[in-house]
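Undergrad: one predicted model, sequence on top.
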Amino acid sequence: MTDQGSQTNATAPQRFRLPLSWLGVAPFFIFALMFLILPTFRLIVGAFENPEGHFTLENIQALAQPSIVSAYVISLKVSIASALLGAFAGFALATAIVRGGLPEWVRASTLTFSGVSSNFAGVPLAFAFLATLGRLGLVTVLLNNWVGFNIYAVGFNLLSFWGLTITYLYFQIPLMVLIITPALDGLKREWGEAAATLGASNWQYWRMVLIPVLWPSFLGTVILLFANAFGAIATAYALTGSSLNIVPILLYAQIRGDVLHNPNLGYALAMGMIFITGASNLAYLWFRTRSERWLK
Amino acid sequence: MRGKAWAWITFALGCTYFFVPLIGTIEFSMRMKRGEYSFEAYRVVFGDERFQATFGYSILIAALTIAVGILIVVPTAYWIRLRLPNLRPVVEFITLLPLIIPAIVIVFGYLRMYNSSSWIPFTATRRGTDILLMFGYVTLALPYMYRAVDTGLRTIDVQTLTEAAQILGAKWPTIIARVILPNVLIAVLSGAFLTFAIVIGEFTMASLLDRPAFGPYLQNIGANRAYEPAALAIIAFFITWGCMAVIQVLSRYAPKSASRPN
């Protein structure tokens, strides 16, 4: 990824200009400070302040109240479930198109479609699933009319944990396909031949070569998918209104109408979200550096 | 031929999961007239004044987002490659932050920092809020825009081009606008279309800043209508698909670097 070695040397004769050269990146840093770093920083500071502006840990402690904890639990459950299911399904799909000996058009069209559907999120995605698996959706109606199976009678509800997870998979699986396909492409044919020469079975080859090589990028992507689902709100909000109590929806309601009756608790809620996505992304970076060792 | 059957089965399962919702949505969107399939829902949607107004507003904001994004990202990425390679990890980290900090948190921060009693009261006026929303979208698009431009810059010899332009007497704005930008134009356009796809239906920021954008309109229709949302979902799908198709066509014309032969 970094191939600027030749350019580092070339800057040496220009040293005397150093103070001026900072001006070139000043707009970027001013922009980043104003619209990204300082607003976030304000919230984090606010999380440790009481309404009078003094330092306190009360807001953080107040996160332990049952309604907030349950919001975090549901959010974590949906994010983890959609990340894991999306990762395994996406991995299977990517393995099929890379190693399954399918025609070239299958691979090309799968990757193109993945590019589209990984960006097809937000409100319209919720509409699509309501039209499909909602009470009057095509699949619901057809299952009921053709085989007399009413999915709502057996406890399925689109406006629930599983409904949201199935919907999120629509952008999680393609994202996994897009990220893991290059990793699968990076597996060298020689490794398979070497393993076969040494008498390894197909299963042994997977267990002792491929899985150890692939697991850092696999786990890394799982974490990326997790953060992707954790911060998402539009789909969930359009799908369930405010009936499903997940953190982003709770925060949305808090911003609109101070439902927690404490503005600073809202900051703490936001900080909790940054903490979780931040920690998961640090883990992702760690896994990525490990995976790059083999997949060059 | 090894493993072909399972690969086909996996592919078929994937197709089922991804196509059934699309078919279901198309079917649902055409059910508006009782007893027959029609494009009534689409007619109603396209005829809706609020559709036209919010869609126009979002296109305008998206265009401004792309313009400002290019103005911020291209010179920065260029300058980092040319003069300040040591800052590269810092800038890359900052450009990835919008993937870590959820959009709802960023806009929450804006509401705290730029309210009408603050030092820069963006949200005090409508025009100010529009500008704030636009900067919010630039932030959301930053990871994609920066990556696209940086990838484009990797394929050209920034150093030589700059020196050649300087020898010919070009000033910095000329170098960036007439030497660097045309060389990375395809990368910039890819970033622009991706930005458009992200911004056009964005809900969280527009809704919390209370701007009449397409995303909040979609949500509002979803909460109040039956068949129009399905039609809107299909329209949104085709917009996304169109953006991605343009990006793919563009990538065919992109210059290939020696280090990444694909």
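TA: Sure, I can see it.
Undergrad: B:I23 contacts A:L138, doesn't it?
TA: Yes: judged on Cβ atoms under 8 Å, B:I23 makes contact with A:L138 at a distance of 6.9 Å. All C-beta atoms are positioned from the backbone trio N, CA, C, and that covers glycine.
Undergrad: these two: which has the busier surroundings?
TA: Shown here are B:I23 and A:L138; by other Cβ atoms under 10 Å in any protein chain shown, A:L138 has more neighbours (21 against 13).
Undergrad: how about that one: what's its closest non-neighbour residue?
TA: Using Cβ to Cβ, 6 or more residues apart in numbering or on different chains and skipping residues adjacent in sequence, the residue nearest A:L138 is B:G24, 3.5 Å away.
Undergrad: how about the residue nearest the centre of chain B, phi and psi?
TA: Chain B has B:T195 as the residue nearest its centroid, 1.6 Å off, counting by Cα atoms, centre = their mean. Main-chain dihedrals, B:T195, degrees, to the nearest 10: phi -60, psi -50.
Undergrad: now the one 10 residues further on
TA: Dihedral angles of B:M205 (phi, psi; degrees, to the nearest 10) stand at phi -70, psi -50.
Undergrad: who's in contact with it?
TA: Shown in contact with B:M205 (Cβ atoms under 8 Å, 6 or more residues apart in numbering or on different chains): B:103, B:106-107, B:133, B:136-137, B:140.
Undergrad: equivalent analysis for B:T95, please.
TA: By Cβ under 8 Å, 6+ apart, the neighbours of B:T95 are B:142-143, B:146-147.
Undergrad: near chain A, from these?
TA: Among the contacts of B:T95, the residues within reach of chain A (Cβ under 8 Å from any Cβ of the partner chain) are B:L142.
Undergrad: of all pairs in the contacts of B:T95, which one is the farthest apart?
TA: Farthest pair in these (Cβ to Cβ) is B:L142 and B:R147. Separation: 9.3 Å.
Undergrad: so between the two, which is more surrounded?
TA: B:L142 (26 against 19).
Undergrad: so who does that one touch?
TA: A:36, B:69, B:73, B:94-95, B:98.
Undergrad: among the residues you listed, name the ones in helices.
TA: B:69, B:73, B:94-95, B:98 (DSSP state H).
Undergrad: among these, which one sits closest to A:A234?
TA: Distances from A:A234 to those, taken by Cβ to Cβ, are shortest for B:P98, at 15.6 Å.
Undergrad: circling back to that earlier point, surely the residue nearest to A:L138 forms part of a strand?
TA: No: checked against DSSP: H, G, I helix; E, B strand; the rest coil, B:G24 lies outside a strand; its state is helix.
Undergrad: how about the residues of the stretch 51-200 of chain A by chain B?
TA: So far as Cβ under 8 Å from any Cβ goes, the stretch 51-200 of chain A lies against chain B at A:89, A:92-93, A:95-97, A:99-102, A:106, A:110, A:112-113, A:115-117, A:119-120, A:122-133, A:136-139, A:169-170, A:173-174.
Undergrad: those in helices, which ones?
TA: Going by DSSP H, the helices hold A:89, A:92-93, A:95-97, A:99, A:106, A:110, A:112-113, A:115-117, A:123-133, A:138-139, A:169-170, A:173-174 from those.
Undergrad: show me which of those residues are buried.
TA: By neighbour count, with 16 or more other Cβ atoms under 10 Å in any protein chain shown, those hold A:89, A:92-93, A:95-97, A:99, A:106, A:110, A:113, A:115-117, A:123-133, A:138-139, A:169-170, A:173-174 as buried.
Undergrad: from chain A, how far off is B:L194?
TA: Distance of B:L194 to chain A, given as Cβ to the nearest Cβ, to the nearest Å: 8 Å.
Undergrad: low pLDDT regions in the stretch 151-296 of chain A?
TA: A:291-296 (pLDDT under 70).
Undergrad: which stretches of it form helices?
TA: Secondary structure of the stretch 151-296 of chain A by DSSP state H, counting those that start in this stretch: the helices cover A:161-185, A:189-197, A:202-205, A:211-230, A:234-240, A:247-257, A:263-292.
Undergrad: with just CA atoms, put the fifth one into CSV.
TA: Read that as helix A:234-240. Listed next in CSV are the C-alpha coordinates belonging to helix A:234-240 (Å, rounded to 0.1, in the frame of the first residue of the first chain):
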residue,chain,number,x,y,z
ALA,A,234,-31.9,4.6,8.9
THR,A,235,-32.8,1.0,8.0
ALA,A,236,-33.9,0.2,11.5
TYR,A,237,-35.8,3.4,12.0
ALA,A,238,-37.7,3.0,8.7
LEU,A,239,-38.4,-0.6,9.4
THR,A,240,-39.5,-0.5,13.0
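Undergrad: what packs against that helix?
TA: helix A:123-133, helix A:161-185, helix A:247-257, helix B:214-224 (3 or more Cβ pairs under 8 Å, 6 or more residues apart in numbering or on different chains; DSSP states H and E).
Undergrad: residues making contact with that helix?
TA: Residues outside helix A:234-240 that contact it (Cβ under 8 Å, 6+ apart): A:121-123, A:125-127, A:129-130, A:158-159, A:163-164, A:167-168, A:244, A:246, A:248-249, A:252, B:202-204, B:215, B:218-219, B:222-223.
Undergrad: and B:F19, how many neighbours?
TA: Using other Cβ under 10 Å, B:F19 has 11 other residues around it.
Undergrad: go on, the one 5 residues further on?
TA: The number of residues packed near B:G24 is 24, by other Cβ under 10 Å.
Undergrad: contacts only, for it.
TA: B:G24 makes contacts with A:128, A:131-133, A:137-139, as judged by Cβ under 8 Å, 6+ apart.
Undergrad: try 10 Å this time
TA: Going by Cβ atoms under 10 Å, 6 or more residues apart in numbering or on different chains, B:G24 touches A:128-134, A:137-142, B:230.
Undergrad: where's B:D210 relative to A:G278, distance?
TA: Using Cβ to Cβ, to the nearest Å, one obtains 28 Å as the distance from B:D210 to A:G278.
Undergrad: and A:K77, what helix or strand is that in?
TA: helix A:66-99 (DSSP states H and E).
Undergrad: relative to helix A:263-292, how tilted is that helix?
TA: Relative orientation of helix A:66-99 versus helix A:263-292 (axes from the mean of the first three to the mean of the last three Cα atoms, to 10 degrees): 20 degrees.
Undergrad: for stretch A:178-185, buried residues please.
TA: A:178-181, A:183-184.
Undergrad: dump those into TSV; add distance to A:P66 as well.
TA: Formatted as TSV, the buried residues of stretch A:178-185 follow (distance: Cβ to Cβ, whole Å):
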residue	distance to A:P66
A:L178	39
A:I179	37
A:I180	38
A:T181	43
A:A183	42
A:L184	44
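Undergrad: for the host helix or strand of B:V249, buried residues please.
TA: Using DSSP H and E, B:V249 falls within helix B:228-253. Using 16+ other Cβ under 10 Å as the burial criterion, the residues of helix B:228-253 that qualify are B:228-237, B:239-241, B:243-244, B:246-248, B:250.
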